[in-house]
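Engineer: Please work out how this folds:
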Amino acid sequence: MKVLKDTILSESTYSAEVDAPIGKIDIADWLLTVSEAEYQRCCVPDHVSCGLTKSDDGQQMMINVEMIGTGLVVQHYVAEEMTPTYCRMNSISDVFTAAGRTQVNVIWELRAEGIEDGRTRYSNSVTAHPTDAFMDFIKEHGIAYEDAAAARQSAGGDHNRRETPFFAASIARKALAKA
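Structural biologist: All right, here's what the predicted structure looks like:
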């Protein structure tokens, strides 16, 4: 599968501030321990399930299942970088639509930065790149790339906007629960 990394299908970044000091925040730990129920609460009704497994080469992998617009998306996130304040996750994601199945490449970046008064700003960035399978899929279905990108931007941006404050609050609760 070829990823068209120079082509952006959609991208969005949203931020939320929380009452937790940056020194207690650990996004990597949160990603590796978030329960399915907590993940589901972070974007009702879109978030369906999540879990952890390993890739064929032994890397930690987070599987997220969610609805984005009208597509059911199964994300296979492998960590490219995982620290307490920054995680970069990379997925070849399966997208199931009424017209069939395709794949996109999704880069999910989670960031935390300390701000005034012991608070933290959490930022959630999602960038999707088309794959050759995606390009074949839209061609087979007579969909112009611009229309597919606009639909993905609208649905993905709306989803990210809604989940970001809940992710921030969940990460902060975990941080503040530590002794």
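Engineer: quick one: the helices in this structure?
Structural biologist: 27-33, 36-41, 132-140, 145-177 (DSSP state H).
Engineer: For the most centrally placed residue in the chain, which non-adjacent residue is spatially closest?
Structural biologist: The centroid of the chain falls nearest to residue 108 when counting by C-alpha atoms, centre = their mean (4.5 Å). In this structure, residue 108 finds its nearest non-sequential neighbour in residue 89, 4.3 Å apart by C-beta to C-beta, 6 or more residues apart in numbering. Using the backbone N, CA and C atoms, a C-beta is placed for each residue, glycine as well.
Engineer: Turn the helices of the chain into JSON lines, columns for distance to residue 122 and mean pLDDT.
Structural biologist: Below are the helices of the chain laid out as JSON lines (distance: least, C-beta to C-beta, whole Å; pLDDT from 0 to 100):
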{"stretch": "helix 27-33", "distance to residue 122": "8", "mean pLDDT": "96"}
{"stretch": "helix 36-41", "distance to residue 122": "15", "mean pLDDT": "97"}
{"stretch": "helix 132-140", "distance to residue 122": "29", "mean pLDDT": "97"}
{"stretch": "helix 145-177", "distance to residue 122": "4", "mean pLDDT": "97"}
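Engineer: Check the spacing between the residue nearest to residue 108 and residue 124 real quick.
Structural biologist: 11 Å (C-beta to C-beta, to the nearest Å).
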